[in-house]
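Enquirer: using only what follows, build the 3D model:
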Amino acid sequence: MDPSSETSQDTPLRSIPGSYGLPFIQPIKDRLEYFYGTGGRDGFFQSRAQKYQSTVFRANMPPGPFISKNSKVIVLLDAKSFPILFDVSKVEKKDVFTGTYMPSTSLTGGYRILSYLDPSEPRHEQLKNLLFFMLKSSSNRVIPQFETTYTELFGSLEAELAKNGKAAFNDVGELAAFRFLGRAYFNSNPEDTKLEKNGPSLINAWVLLNLSPLGTAGLPWFVEDLLLHTFRLPSFLVKSNYQKLYNYFEAVATQVVEQAEALGVPKDEALHNILFAVCFNTFGGIKILFPNTLKWIAQAGETLHAQLAKEIRTAIISYGNGKVTMEAIEQMPLMKSVVYESLRIDPPVPLQYGKAKSNFTISSHDATFEVKEGEMLFGFQPFATKDPKVFDRPEEFVPDRFVGDGEALLKYVMWSNGPETESTTLGNKQCAGKDFVVLITRLFVIELFRRYDSFEVEASESALGASVTFTSLKRAST
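Expert: Model (predicted):
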């Protein structure tokens, strides 16, 4: 039975299990277990779901005291309850982008950036319209600039492999990603400006201060918890880094800024939003998504590689006259499924939040629960998109999961702050660049297999996704 077809009348009314414990003390205990307990973050949620025999329960979410105003949340871990987080008629999305705390606006020029705005706020529509313009105005450059940039990338990886027998992907991948975004959005290679090759390192330092209360750094827990999770790191630490990035966008984003002013958004506010959209949302997503995609495809083995290589090369010849075109991409169902499966099994943004606008009920597969106005809802997406009542073999990477009849499952792929089957609009909080991200991930897989028959990697996990090193790249035999 399709879980989405069930109604609240199909399941019994139940009080939401769990408690928030003693103020101050329990949020800190929960934070320590979340970051340093057995099983890590997944274990934190799994142990509670088992304890309460429910995929909906109450808990405290980090960072807790001193940084969070309120750590109390209702946790949603299944594919049926999770989508309530996208229903802006029922939940408010104001200042919940990073969860139970919000980074200082001194990190974003003093502005509340689009990601932190609820659709009901007037500036939301103006700023999202601006991002739609930026995406549309760059559309003709995306495919050719991606090919140019990733030809350079794979050339450097081959040279490194030939020299050392291994080639680390992440750092050079980040350089390529930022280079591509500059070329695609603004027809400007950042490495030809004052930024040179420093863009990714400047971005990473700034993002760290935005997200440090939610991260780990590999330090002893008692040092790390005090340093990262108890007090905010001061924004002046990255002020000069941020200014260099701002100066770059001020120089290259003139067309987008002109459109912003026509929409009623002042230049300075527009630039801070452009910077955030490119560096935090898009670059940050690629930084996680591309290595994860490589990891999963590599682990799937040579049989899949051969299938992808054949499908991709055949479509390029038959539908693109030897070039990558949108028509050719549409003739690659296995490739598209692989990308969706990567987004399902390893969503780049795993945490979503929303605050109840009124009293209402939500349903899991097993029960219905009453939510009160003002309560914070939290969804852990990696559990919702591996819901065993929706997906067969949910923990496995199944390359052809979304081929043919499997396309019906795409409504449960929700990496973009909304179902993959729905479109981003001015009135919702779905990622403005949803289709762009899917497209460039497809292009990444295409550029890989139009060149290589197969590849091998060594992969390790970190708080920011996979760290990938190529150990072989087998050149196309034809």
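
Enquirer: now Leu289: which helix or strand?
Expert: Assessed by DSSP states H and E, Leu289 sits inside helix 284-300.

Enquirer: show me what that helix is packed up against.
Expert: helix 170-186, helix 302-320, helix 333-345, helix 434-451, strand 452-462, strand 465-475 (3 or more C-beta pairs under 8 Å, 6 or more residues apart in numbering; DSSP states H and E). In this view, the C-beta of every residue, glycine as well, is placed from N, C-alpha and C.

Enquirer: between these, which one is closest to Thr293.
Expert: Nearest to Thr293 among the helices and strands packed on helix 284-300 is helix 333-345; the distance by C-beta to C-beta comes to 4.4 Å.

Enquirer: quick one: that closest one to helix 302-320, angle?
Expert: Angle of helix 333-345 versus helix 302-320, following axes from the mean of the first three to the mean of the last three C-alpha atoms, to 10 degrees, is 120 degrees.

Enquirer: number of nearby residues for the nearest residue to Tyr242 once chain neighbours are set aside?
Expert: Closest residue to Tyr242 apart from its sequence neighbours, by C-beta to C-beta, 6 or more residues apart in numbering: Trp206 at 5.4 Å. Residues near Trp206, counting by other C-beta atoms under 10 Å, number 23.

Enquirer: which residues are contacting the host helix or strand of Trp206?
Expert: For Trp206, the enclosing helix or strand under DSSP H and E is helix 199-211. Residues from elsewhere that reach helix 199-211 (C-beta atoms under 8 Å, 6 or more residues apart in numbering): 98, 103, 107, 171, 174-175, 177-178, 182, 190-191, 195, 215, 233, 235, 237-238, 241-242, 244-245, 248, 279-280, 283-284.

Enquirer: can you select the buried ones among those for me in PyMOL?
Expert: Command for PyMOL that selects the buried part of these, burial taken from 16 or more other C-beta atoms under 10 Å:
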select buried, resi 98+103+107+174+175+177+178+182+190+195+215+233+235+238+241+242+245+248+279+280+283+284
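
Enquirer: quick one, phi/psi of Ala168?
Expert: Backbone torsions of Ala168, given as degrees, to the nearest 10, read phi -70, psi 130.

Enquirer: and it, what does it touch?
Expert: 160, 467-470.

Enquirer: repeat the analysis, applying 10 Å as the threshold.
Expert: 157, 160, 457-458, 467-470 (C-beta atoms under 10 Å, 6 or more residues apart in numbering).

Enquirer: just Ser137 next, same as before
Expert: Ser137 neighbours (C-beta under 10 Å, 6+ apart): 185-186, 255-256, 259.

Enquirer: quick check: the gap between it and Tyr185.
Expert: Separation of Ser137 from Tyr185 (C-beta to C-beta, to the nearest Å) stands at 8 Å.

Enquirer: what's the overlap in contacts for those two?
Expert: 255-256.

Enquirer: I'd like the helices and strands packed on helix 284-300 laid out as CSV, including distance to Tyr52 and mean pLDDT.
Expert: Shown next, in CSV, are the helices and strands packed on helix 284-300 (distance: least, C-beta to C-beta, whole Å; pLDDT from 0 to 100):
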stretch, distance to Tyr52, mean pLDDT
helix 170-186, 38, 98
helix 302-320, 39, 97
helix 333-345, 25, 98
helix 434-451, 33, 98
strand 452-462, 28, 93
strand 465-475, 29, 94
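
Enquirer: nearest to Lys90, out of the ones you listed?
Expert: The closest of those to Lys90 is helix 434-451. By C-beta to C-beta, the value is 21.2 Å.

Enquirer: next, the angle helix 434-451 makes with the longest helix belonging to the chain.
Expert: The longest helix of the chain (DSSP state H) is helix 139-164. Angle of helix 139-164 versus helix 434-451, following the same axes, to 10 degrees, is 40 degrees.

Enquirer: hang on, the earlier thing: Thr38: which of the helices and strands packed on helix 284-300 is closest?
Expert: Evaluated with C-beta to C-beta, the helices and strands packed on helix 284-300 place strand 452-462 nearest to Thr38, the distance being 16.3 Å.

Enquirer: helices or strands up against the closest one?
Expert: Applying 3 or more C-beta pairs under 10 Å, 6 or more residues apart in numbering; DSSP states H and E, one finds that strand 452-462 contacts helix 139-164, strand 167-168, helix 284-300, helix 302-320, strand 465-475.

Enquirer: list the strands paired with that strand, with their directions.
Expert: Here strand 452-462 is paired, per DSSP bridges, with strand 465-475 (antiparallel).

Enquirer: then the partner strand to PDB, C-alphas only?
Expert: The C-alpha trace of strand 465-475 is given here as PDB (Å, rounded to 0.1, in the frame of the first residue of the first chain):
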ATOM      1  CA  GLY A 465      30.400  13.200   3.500                       C
ATOM      2  CA  ALA A 466      32.900  11.000   1.700                       C
ATOM      3  CA  SER A 467      36.600  11.700   1.200                       C
ATOM      4  CA  VAL A 468      37.500  10.000  -2.100                       C
ATOM      5  CA  THR A 469      40.800   9.100  -3.700                       C
ATOM      6  CA  PHE A 470      41.000   7.600  -7.200                       C
ATOM      7  CA  THR A 471      43.200   4.500  -7.400                       C
ATOM      8  CA  SER A 472      42.400   3.800 -11.100                       C
ATOM      9  CA  LEU A 473      40.800   5.500 -14.100                       C
ATOM     10  CA  LYS A 474      40.400   3.000 -17.000                       C
ATOM     11  CA  ARG A 475      40.300   5.000 -20.200                       C
END
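
Enquirer: right, I'll call it a day here.
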